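Asker: just to be clear, the model below is a prediction. Sequence and coordinates:
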Amino acid sequence: MIKLDEMQMRLLEEVADLHKVPEGAFNIRSDGKSIGRASTENIEIVPREDGQGLTIHIRPGTKNESVHIPVVMMKSGLKELVYNDFYIGEGADVVIVAGCGIDNCGTQDSEHDGIHRFYVGKNAKIKYVEKHYGSGTGSGKRILNPGTEVYQEEGSTVEMEMVQIKGVDDTNRVTTAKLAAGAKLVVRERLMTHGQQNAVSTYVVSMDGEGSSADVVSRSVARDNSYQKFDAKLVGNAACSGHTECDSIIMDHGRILAVPGLEANDLDAALVHEAAIGKIAGDQIIKLMTLGLTEAEAEEQIINGFLK
Amino acid sequence: MLELRNISFAVNADETDKEIIQDISLTIPQDKMIVITGPNGGGKSTLARLIAGIEKPTSGRIFFDGEDITELSITERAKKGIAFAFQQPVRFKGIQVFDLIRIATGRKLSVSDACKYLAEVGLCARDYINREVNASLSGGELKRIEIATVLARSSKLSVFDEPEAGIDLWSFQNLIEVFRGMRKNIAGSSILIISHQERILDIADEIIVLKNGRLVRQGSKDDVLPELLGTADAVPECRVGGVQKGGAAND
């Protein structure tokens, strides 16, 4: 039985909604080491030989199962680079929950760079949830640089939910995807930065097969003196449909750069981008004030709703 | 209940002060439904916004239940019991109809309680409660949700700024029924509606006519409505050229 201390539990709750050791296949990594792991009949989690990551095999046809691979870090000054490879068998339908929580009370920077590669088999379907969270009062930064590579075979579906709401000082997120015929990718990113934080999110999605589709949507809020860059590029190499959207609220001295990019290399590629950045509309605040909220409460409600 | 004393409101345009509201004094008594009407640009909406605290008067005082609320913020006035329905309902990304109604009631709310307010404005609650209050809703739907948020406030004074604006005929029919229902249950509260619509004027206890920022007539519906129907002021869009513009009659 794995024993988790209070801090580990709190971080696990923030990044993976876990209140106890999860059921099904899982691996919990804490301060650079695996502290618990379980495979199931259909999902096998194998540690890499160098200890820095996992290989996860999901059998064809696996349904209604989940994989949890959360990472927590409490040691100040720890830096790690981890590779996790997922092989999802044909026709499988699973939920994968990753995420990283860093609590840094020290003066040295803590950094977790996780590279996730997904090889999604024919007609397989995955929902991938990745939450990032930082806490701690130390002056050391909490840094997360996730890299995600997705290779989708024919007819597969990948739904990704990427969330980073609080406490991460520096992020450079790079996501690439390659879609075969009929494959579908849906990305929902939610991001809030505050203080002096810096977040860069880059997507390159290649729709290589006929009938593939991608929908990459980011909603973000930049507060205080934080900075965000959202750079989403959709490449249509076949008859496909792609949509990308960046919808952002800036507050205080927050700054955002949105760089939506479309590249059509096929006559039947239909690509759309939308980007909007602005402060909270005055009317929205006034409306909520007429319902009895103070200006600050109104702002909070608007942002909570926006990032929900 | 509500008293305006010598209220004036000016805005500075092209370096000259333009008086939108000029020295208006009036009282909204308890248990009454009052409709303010008059030509476009006469200052009606501005007056409603002054009451809700969205604008502050250049001079004059506003009293609510005997208390001077002239300097109070929108929030403070809302908490004292003034509710306001916007002419153009505000859209929110991500905030759901349920959230808005929950905020309006100011308490923890079950979904079934929230549904009651939607049912009152003629919306099938199940279809709407989880919808976002965004551009996916039609003008008529937004308007009814706006009115539901005001009902959920259960305020002493509810102010509606042109509830008929931007909704279709079918929704309007329903809206009249909503206001009739409110009129029936008015005890202990008051309702102030800014409107051009004869059928809304018809359910008022009193009618106030504003023109060029001045109060030109105040009296019971039975006295004022017949006078208005003899003029072009009550429903200017319909009576001055609107039919020719909007209808097929020009062809």
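Answerer: Good, I have the coordinates. Numbers count the residues shown, from 1 in each chain, chains lettered A, B, ... in the order given.
Asker: so where is the chain shaky, pLDDT-wise?
Answerer: Unless you meant another one, I'm taking chain A. A:1 (pLDDT under 70).
Asker: not what I meant, chain B
Answerer: Those would be B:231-251, if you go by pLDDT under 70 across chain B.
Asker: need the residues of chain A near chain B, please.
Answerer: Neighbours of chain B within chain A, by CB under 8 Å from any CB of the partner chain: A:219, A:247, A:281, A:283-284, A:286-295, A:301-302, A:304-308. Any C-beta I mention is one placed from the backbone N, CA and C, and that applies to glycine too.
Asker: which ones are touching residue 9?
Answerer: No chain in the question, so chain A it is. By CB atoms under 8 Å, 6 or more residues apart in numbering or on different chains, A:M9 lies in contact with A:H19.
Asker: think we crossed wires, I meant chain B
Answerer: The contact partners of B:F9, taken as CB under 8 Å, 6+ apart, are B:19-21, B:43, B:46, B:50, B:55, B:57-58.
Asker: how about it, nearest residue that isn't a chain neighbour?
Answerer: Of all residues beyond its chain neighbours, the one nearest B:F9 is B:I21 (4.0 Å), with distances taken as CB to CB, 6 or more residues apart in numbering or on different chains.
Asker: now do the helices in chain A.
Answerer: A:6-16, A:282-290, A:295-306 (DSSP state H).
Asker: mind listing what the closest residue in space to A:M162 that isn't next to it in sequence touches?
Answerer: Nearest residue to A:M162 in three dimensions, chain neighbours excluded: A:E189, at 4.5 Å (CB to CB, 6+ apart). Counting by CB under 8 Å, 6+ apart, A:E189 touches A:162-163, A:201, A:216-220.
Asker: let me know which of the helices of chain A is tucked in deepest.
Answerer: Among those, helix A:282-290 has the highest mean neighbour count (mean count of other CB atoms under 10 Å in any protein chain shown), at a mean of 21.
Asker: now do that helix against helix A:295-306, angle only.
Answerer: 110 degrees (axes from the mean of the first three to the mean of the last three CA atoms, to 10 degrees).
Asker: any idea how far A:M162 is from the residue in the stretch 1-150 of chain A that chain B sits nearest to?
Answerer: Closest contact between the stretch 1-150 of chain A and chain B, by CB to the nearest CB, is at A:K131 (17.9 Å). As judged by CB to CB, to the nearest Å, A:K131 and A:M162 stand 8 Å apart.
Asker: and the contacts of A:E189, which two are furthest apart?
Answerer: Distance extremes for the contacts of A:E189: the farthest pair is A:V163 and A:V216 at 14.8 Å, using CB to CB.
Asker: ok, and the closest non-adjacent residue to A:M251?
Answerer: Spatial nearest neighbour of A:M251, chain neighbours left out: A:R223 (4.6 Å); criterion: CB to CB, 6+ apart.
Asker: against A:V95, how distant is the one you found?
Answerer: From A:R223 to A:V95 the distance is 31 Å (CB to CB).
Asker: equivalent analysis for A:F230, please.
Answerer: Distance, A:F230 to A:V95, by CB to CB: 26 Å.
Asker: neighbour count: the two, which is higher?
Answerer: Higher neighbour count among A:F230 and A:V95: A:F230, with 27 against 16, using other CB atoms under 10 Å in any protein chain shown.
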